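Engineer: the amino acid sequence is not available; the structure is as follows:
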């Protein structure tokens with residue numbers, strides 16, 4: 001007897017589920033329609049992530065994801081990038097040997113892009129930007145499908161060499177598999193790290209904005225899928241990213257393939273020494289500015305796993321070499337008593353919000369110290385949820401400097417009564433300039449998540465599942481309490497390390513492989529493993545003990 005021509009499909013919905021029969025070979029786009037779902041971009045089939053072009057040949061349980069989810073938003077960002085590149089090709093004509101557009105790095109709610117001149121003398125003008133934007137809108141209206149094709153790796157590498165996309169070609173040099181997936185959009189082919197949305201009709205929210213010598217591909221906010229209005233370039237962030245790009249150009253490493261080439265050539269130790277020297281100089285320059293301007297309170301903030309603790313220690317060392325006496329202060333010691341802590345919408349204590357801080361006490365204590373008075377520095381007992389006094393009395397001398405670290409350190413509300421002339425604010429984040437290739441960025445968020453997974457497994461005994469599970473709330477807190485205030489900083493320190501993903505790969509891979517297939521965090525673990533597969537690993541013995549890298553992989557000289 002032959003197989004039944006029908007299969008049973010169960011679609012999980014927010015308020016229950018819907019079960020129906022369908023023909024064998026029905027794709028997920030049709031399943032979503034029959035379930036009454038709109039604006040879906042990807043699905044999980046029996047727990048495995050699948051694109052919507054995937055055809056079902058057996059009974060299945062399906063849950064659909066929109067672009068408002070973390071996974072769906074990743075698809076949206078990749079797809080909108082390919083849409084922009086395809087539209088530019090249609091407008092300008094020719095190929096990458098005539099010109100190419102490179103997607104450089106994240107810049108707030110968008111990606112900074114550059115037009116690289118080739119054989120054609122093409123200038124970036126407002127008229128060109130307008131034409132590309134208009135063509136993108138036309139392609140969205142036409143609802144063109146993203147077609148996936150399986151290709152020979154060697155053959156695609158040769159094609160990318162011919163198209164003058166050297167970073168893509170070099171990346172494939174280190175690919176172990178003989179096959180790879182390529183996407184085609186109305187005749188335009190490209191290689192992308194991850195799935196795409198089913199068609200251009202899903203990509204309704206975007207914009208193009210000129211900035212400096214390039215332009216920004218503006219993307220919507222994940223939760224609302226609405227564009228920021230107006231889009232504003234964060235000046236200090238752009239300057240930091242531009243500086244990182246220039247440094248990458250100087251050492252000839254802007255892409256993963258170039259990093260792998262340097263490792264193969266035995267240049268790992270040189271890279272480590274150069275990176276550490278650059279960081280030490282940047283920290284020394286910040287310390288010199290603090291001393292020059294006679295700042296008494298240094299306030300440091302940045303997102304999770306940016307290396308704030310190591311940076312604070314190294315800054316303190318530099319301040320000591322300049323005759324200052326730094327005193328580390330953790331803002332966490334100024335939490336409100338547990339019973340006074342605000343609760344979030346879920347009813348649990350919200351320790352991330354600024355309302356959880358005893359700002360009156362913090363400002364009063366700092367004012368006393370600035371006035372030369374003795375102050376009782378609290379120590380917060382996190383077990384009992386109370387501040388303890390009388391253990392740490394402090395009075396500032398003429399050369400003393402307070403080095404304050406906390407997630408709200410840059411928020412003006414935190415220092416409402418302190419004289420601005422006494423304060424120096426520093427924003428720190430891992431703003432990597434390294435990219436996978438010309439069109440695939442490395443997310444600074446992924447870098448920080450890998451740092452956190454490795455560090456928390458080593459120092460807190462957290463499983464990778466727990467670190468991944470908590471990451472969503474961590475990111476939510478950063479978006480609300482840290483990123484909005486980064487332009488308040490007097491200095492921005494980039495803690496990205498050129499070799500770090502090759503170093504952290506050795507520690508992260510065993511942890512990520514331990515995540516079981518039935519775990520909710522399995523997909524994210526597999527995605528990170530695929531990402532790390534682009535990198536060659538390195539021996540970390542040569543990483544100095546005071547390196548910011550040691551905060552995560554261990555073996556450092558600071559008490560962290």
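Structural biologist: Cool, the structure landed. It should be emphasised that the depicted structure is a prediction, and the values quoted were computed from it without experimental measurement.
Engineer: what's near enough to touch the closest residue to residue 539 other than its chain neighbours?
Structural biologist: On the basis of Cβ to Cβ, 6 or more residues apart in numbering, the spatially nearest residue to residue 539 that is not a chain neighbour turns out to be residue 268, at 7.5 Å. Where C-beta positions appear, they are placed from N, C-alpha and C, glycine not excepted. Taking Cβ atoms under 8 Å, 6 or more residues apart in numbering as the contact definition, residue 268 lies against 262, 499, 502, 538, 539, 542.
Engineer: try 10 Å
Structural biologist: For residue 268, the contacting residues are 259, 262, 499, 502, 503, 536, 538, 539, 540, 542, 543, taking Cβ atoms under 10 Å, 6 or more residues apart in numbering as the criterion.
Engineer: try residue 257
Structural biologist: Counting by Cβ under 10 Å, 6+ apart, residue 257 touches 166-175, 436-437, 534.
Engineer: what residues are up against the most centrally placed residue in the chain?
Structural biologist: Note on the chain: the residue nearest the mean C-alpha position is residue 445, at 2.0 Å, using Cα atoms, centre = their mean. Listed by Cβ under 10 Å, 6+ apart, the contact set of residue 445 reads 70, 106, 303, 304, 305, 430, 471, 474, 475, 478.
Engineer: swap in residue 116?
Structural biologist: Applying Cβ under 10 Å, 6+ apart to residue 116 gives the contacts 96, 99, 100, 101, 102, 122, 164, 214, 438.
Engineer: what do you get if the cut-off is 8 Å, keeping everything else the same?
Structural biologist: Taking Cβ under 8 Å, 6+ apart, we find residue 116 in contact with 99, 100, 101, 102.
Engineer: now these in a markdown table, with secondary structure?
Structural biologist: Rendered in a markdown table, the data for the contacts of residue 116 read as follows (DSSP: H, G, I helix; E, B strand; the rest coil):
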| residue | secondary structure |
| --- | --- |
| 99 | strand |
| 100 | strand |
| 101 | strand |
| 102 | strand |
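Engineer: so for the residue nearest to residue 539, what's the pLDDT?
Structural biologist: With respect to pLDDT, residue 268 has a value of 96.
Engineer: what do you get for residue 511?
Structural biologist: According to the predicted model, the pLDDT of residue 511 comes to 98.
Engineer: just to check, it is in contact with residue 465?
Structural biologist: No: taking Cβ atoms under 8 Å as the contact criterion, residue 511 and residue 465 are not neighbours in contact, 9.6 Å apart.
Engineer: the two: which has the busier surroundings?
Structural biologist: The residue with the greater number of neighbours, taking residue 511 and residue 465 and applying other Cβ atoms under 10 Å, is residue 511; the counts read 22 against 19.
Engineer: apart from its chain neighbours, what residue comes closest to that one?
Structural biologist: In space, residue 511 comes closest to residue 464 once its chain neighbours are excluded; the distance is 4.4 Å by Cβ to Cβ, 6+ apart.
Engineer: from residue 528, how far out is the one you found?
Structural biologist: In this structure, residue 464 lies at 9 Å from residue 528, with Cβ to Cβ, to the nearest Å as the measure.
Engineer: residues of the helix or strand harbouring residue 286 that come out buried?
Structural biologist: Element membership of residue 286 [criterion: DSSP states H and E] is helix 268-292. Judged by neighbour count (16 or more other Cβ atoms under 10 Å), helix 268-292 contains these buried residues: 268, 271-272, 274-276, 278-280, 282-284, 286-287, 290-291.
Engineer: what of stretch 46-56?
Structural biologist: Residues of stretch 46-56 classed as buried: 49, 50, 51, 52, 53, 54, 56 (neighbour count, 16+ other Cβ under 10 Å).
Engineer: quick check: end-to-end length of it?
Structural biologist: Across its full length, stretch 46-56 reaches 11 Å end to end, with Cα to Cα, to the nearest Å as the criterion.
Engineer: could you point out the helix or strand that follows the helix or strand containing residue 139?
Structural biologist: Here residue 139 is covered by helix 126-142, with elements defined by DSSP H and E. The first helix or strand that comes after helix 126-142 along the chain, using DSSP H and E, is strand 147-152.
Engineer: does anything pack onto the next helix or strand after that next one? Which helices or strands?
Structural biologist: Scanning forward in sequence from strand 147-152 by DSSP H and E, the next helix or strand is helix 153-162. Under the contact criterion of 3 or more Cβ pairs under 8 Å, 6 or more residues apart in numbering; DSSP states H and E, the helices and strands touching helix 153-162 comprise helix 166-173, strand 179-185.
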